[in-house]
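Undergrad: need the 3D shape of this:
(2 chains)
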Amino acid sequence: MLSKLKTNTAVEIFCRVNILYCFITFISRTVVLAVILTAYYAGAIKAEDNKTYSNSQDFQFHGFISQGIIDVNGSDFVNDDGELSTELTEIGLNASYQLSDKFRLAGQVVYLDGGNRYEKGFRVDYALLDWSAYNSESWQTNIYLGRFKNNHWLYSSSRVIPFARPSIILPQSVYFDGFRDIAVGSDGAAVKISHSNDGLGNFDFTLSYGKSTVSNEQTDILLGDIAMGVAKQEYENHASVYWQPAFSPWRFGFSLLDSDFSYQKNEMFDFASDADFSFQFYTINAIYEGEYWEFSGEIYQQRFVTDGFYDPNFYKDSTGQGYYGQIRYKLTSDLTVLARYENFYLDKEDKDGYKLEQSTGGAVPYYFGFHKDITIGINYDITSDFSVRMEYHWVNGAGRLTPVVMPNTLINDSEDWRMWAVQLMYWF
Amino acid sequence: MTSQVSAIEVITHPQVAESSLTKSQLRRIYTMRQLRWSDNSAISVFVLPSRHNIHKRFAKERLQIFPYQLNRIWYKLTYSGLGVAPTIVASQEELIQAVNKTPGAIGYISDRVVTKIRRNKSTMSTLFPEMEDEQQFSSKGVVNVVKIKD
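TA: Numbering: from 1, shown residues only, chains lettered A, B, ... in the order given. This next block holds a predicted model:
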């Protein structure tokens, strides 16, 4: 009752500030857009003046801007009130500068607004020193130091780039938005070894070690408002191998992730206890890229161990599993349609979630134990740097909604929910 | 109706030592998996816009890869900080100029453009006003035309 009252008050206050908020959002986005366009045209004019090209690959400046509308009915995936939302903004600016023969600096700043999906605002997407440690005709070894991107899953490095990922909303079981800011990259070091062999094909091996800062809002997204303390990622070990047979349309990969988190309760006041979380994630994937058809899919297993949090003696070790399969077909060179099916459950011993409901005394309904999504979509490339995309999702289950640890069962009171979205994307 | 289909020629900067490349090498260079020439100098890759007919044909005929796959590889490099993608130039004329002026450069043009420039000295002097008349278009002249072996 108290929490219901709290929610109502919050909604009321939200409505009052909404108009002001929209105005501020609009102004700030216009300013950002103006800055990007000015920078872009300034760059273009400079290039026009100085057609020597000799430095063209030494300094590069690129970016993207996209805005969409999204409507979710039956869950708090984007917003709490279920209204049509413009919280689908993605802006990015990046630069790359070749310092010397072996060293390069690169960085990207992004602004994101996805409603409840992740924290709104600017973040450094990557900022790294790229050391080209060894180079030959068939081998490349690069060491990246700083903040680098997760390059291990099929779409992990392109999930930030609206026009480079396959759909507006990616399969949430792997590319869970609630976990985005931790999974998207790390502060640390990564090594990438690429080998190209005329007979056997292309091999890419990536190993990374690092951690991400967990912000207060990220803590709320994952653990819920009741967590007053500080969450930290202790480390993340990640490795992947990709293989593309010579001149083949197929590519295969697998990845292994091991990560530990800790939660330190607020000594003054906290509903939660100190906790250690351990997370392991394994994927195998395949993609086929043909002239008209494209198939891709990932199969994965995760292990999540909770030690503490709900109470000092709490211990849970659960294994979740899932997969998705995706088909894309090019109707024309500019028009692509997509269909995808995704199936994921948080505990392989409890695929229908009934044990979850039982163990929480009915507080968490069974449908929080899984997430199934049927998606159809269409993408139209208006020009080579301007696209529009539209998609529809039929979702069954609430297993990939935030907050994760303390689910919001008041808003997410139905097993089935739907969403559609339209997004315009421009890049340079 | 004898409109014969033109061939796509691969061109490099005059100082690039390689006079021929295998199909695999060319593919490695354009998918940014080979970044250096045999003398260890850096390769500068130039391309036409992805919708340009010559680009589409180059991708399919010379690299045996679809233009959308090249875009994906290049987007990934550019927008995730992993590396540097090729430089896009608007036209074949601009591409010849870029390859001529950039040490270690590689690009591609229609053989019709090669023939046109070789035959027509006025086109040549428009593109390269500083060039001496006696300089040849290819073989250590304006650009090298590289032979592609299977």
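Undergrad: can we go C-alpha only for contacts and neighbour counts from here?
TA: Will do.
Undergrad: checking the residue most central in space within chain B next. Helix, strand or coil?
TA: In chain B, the residue lying closest to the centroid (C-alpha atoms, centre = their mean) is residue B:107, at 1.0 Å. For residue B:107, the assignment made with DSSP: H, G, I helix; E, B strand; the rest coil gives strand.
Undergrad: show me which residues of chain B sit near chain A.
TA: B:24, B:28, B:33-38, B:40, B:44, B:49-51, B:64, B:66, B:69, B:72, B:75-76, B:78-82, B:84-87, B:98, B:101-103 (C-alpha under 8 Å from any C-alpha of the partner chain).
Undergrad: out of those residues, which end up buried?
TA: Neighbour-count burial (16 or more other C-alpha atoms under 10 Å in any protein chain shown) applied to these gives B:24, B:28, B:33-37, B:44, B:49-50, B:64, B:66, B:69, B:72, B:75-76, B:78-82, B:84-87, B:98, B:101-103.
Undergrad: what's the end-to-end length of stretch A:397-406?
TA: 16 Å (C-alpha to C-alpha, to the nearest Å).
Undergrad: what comes up buried for that stretch?
TA: Burial within stretch A:397-406, assessed by neighbour count using 16+ other C-alpha under 10 Å, is assigned to A:397-404, A:406.
Undergrad: could these be laid out in a markdown table, adding pLDDT?
TA: Listed next are the buried residues of stretch A:397-406 as a markdown table, based on pLDDT from 0 to 100:
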| residue | pLDDT |
| --- | --- |
| A:397 | 96 |
| A:398 | 96 |
| A:399 | 94 |
| A:400 | 93 |
| A:401 | 92 |
| A:402 | 87 |
| A:403 | 85 |
| A:404 | 83 |
| A:406 | 80 |
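Undergrad: what does stretch A:410-428 contact?
TA: Here stretch A:410-428 makes contact (C-alpha atoms under 8 Å, 6 or more residues apart in numbering or on different chains) with A:62-76, A:80, A:88, A:162-163, A:168, A:367, A:385-398.
Undergrad: secondary structure element for the nearest residue to residue B:86 once chain neighbours are set aside?
TA: Closest residue to residue B:86 apart from its sequence neighbours, by C-alpha to C-alpha, 6 or more residues apart in numbering or on different chains: residue B:45 at 4.9 Å. Using DSSP states H and E, residue B:45 falls within strand B:44-47.
Undergrad: so where is chain B shaky, pLDDT-wise?
TA: Regions of chain B meeting the criterion pLDDT under 70 cover residues B:1-4, B:120-141.
Undergrad: which element follows the strand or helix carrying residue B:75 toward the C-terminus?
TA: Secondary structure from DSSP H and E places residue B:75 in helix B:67-80. Counting by DSSP H and E, the next helix or strand C-terminal to helix B:67-80 is strand B:87-88.
Undergrad: need the contact list for the residue lying closest to residue A:265 once chain neighbours are set aside.
TA: Closest residue to residue A:265 apart from its sequence neighbours, by C-alpha to C-alpha, 6+ apart: residue A:229 at 4.2 Å. By C-alpha under 8 Å, 6+ apart, the residues touching residue A:229 are A:263-267, A:270.
Undergrad: about what we covered before: roughly how far is the helix holding residue B:75 from the heart of the chain?
TA: Mean-position distance between helix B:67-80 and its chain equals 18 Å (C-alpha atoms, centre = their mean, to the nearest Å).
Undergrad: kindly provide the distance from the residue nearest the centre of chain A to residue A:62.
TA: Centroid-nearest residue in chain A, with C-alpha atoms, centre = their mean: residue A:180, separated by 4.2 Å. As judged by C-alpha to C-alpha, residue A:180 and residue A:62 stand 23 Å apart.
Undergrad: circling back: residues touching the residue nearest to the centre of chain B, list them.
TA: Residue B:107 neighbours (C-alpha under 8 Å, 6+ apart): B:10-12, B:45-47, B:95-96, B:99.
Undergrad: how about a cut-off of 7 Å?
TA: Contacts for residue B:107 (C-alpha atoms under 7 Å, 6 or more residues apart in numbering or on different chains) come out as B:10-12, B:45-47, B:95, B:99.
Undergrad: residue ranges for the helices of chain A, please.
TA: Secondary structure of chain A (DSSP state H): helices at A:2-49, A:180-183, A:216-223, A:354-359.
Undergrad: confidence-wise, which of those helices is weakest overall?
TA: Among the helices of chain A, helix A:2-49 carries the lowest mean pLDDT, at a mean of 49.
Undergrad: and the stretch 251-400 of chain A, which residues reach chain B?
TA: A:291, A:384 (C-alpha under 7 Å from any C-alpha of the partner chain).
Undergrad: at 8 Å what do you get?
TA: A:289-291, A:384.
Undergrad: for chain B, what is the nearest residue in the stretch 301-428 of chain A?
TA: At 6.7 Å from chain B, residue A:384 is the closest residue in the stretch 301-428 of chain A, using C-alpha to the nearest C-alpha.
Undergrad: which strands and helices sit next to the helix holding residue B:75?
TA: Secondary-structure packing of helix B:67-80 (3 or more C-alpha pairs under 8 Å, 6 or more residues apart in numbering or on different chains; DSSP states H and E): strand A:59-73.
Undergrad: which residue ranges of chain B form strands?
TA: Using DSSP state E, the strands assigned to chain B run over residues B:8-12, B:20-22, B:44-47, B:87-88, B:105-110, B:144-149.
Undergrad: ok, which of those strands comes nearest residue A:107?
TA: Of all those, strand B:87-88 sits nearest to residue A:107, with 18.5 Å by C-alpha to C-alpha.
Undergrad: who does the closest one pair up with?
TA: According to DSSP bridges, strand B:87-88 forms sheet pairs with strand B:44-47 (parallel).
Undergrad: dump the strand it pairs with to PDB, keeping only the CA atoms.
TA: Written as PDB, here are the backbone C-alpha positions of strand B:44-47 (Å, rounded to 0.1, in the frame of the first residue of the first chain):
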ATOM      1  CA  SER B  44      45.700   3.700 -47.200                       C
ATOM      2  CA  VAL B  45      42.500   2.300 -48.500                       C
ATOM      3  CA  PHE B  46      40.100   4.300 -50.700                       C
ATOM      4  CA  VAL B  47      36.600   3.400 -51.800                       C
END
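Undergrad: contacts for that strand?
TA: Contacts of strand B:44-47 (C-alpha under 8 Å, 6+ apart): A:57, B:29-30, B:55, B:85-89, B:95, B:98-99, B:102-108.
Undergrad: that one: how far from the chain's middle?
TA: Centroid separation for strand B:44-47 versus its chain: 6 Å, with C-alpha atoms, centre = their mean.
Undergrad: how much space between the nearest residue to residue A:84 once chain neighbours are set aside and residue A:421?
TA: Sequence neighbours aside, residue A:71 is the residue nearest to residue A:84 in space, at 4.6 Å (criterion: C-alpha to C-alpha, 6+ apart). Look at residue A:71 and residue A:421: by C-alpha to C-alpha, they are 6 Å apart.
Undergrad: the more surrounded of those two?
TA: With neighbours defined as other C-alpha atoms under 10 Å in any protein chain shown, residue A:71 and residue A:421 compare such that residue A:421 has more, 22 against 19.
Undergrad: bridged to the closest residue to that one other than its chain neighbours, which residues?
TA: In this structure, residue A:421 finds its nearest non-sequential neighbour in residue A:70, 4.2 Å apart by C-alpha to C-alpha, 6+ apart. Beta-bridge partners of residue A:70, counted by DSSP bridges, are residue A:85, residue A:421.
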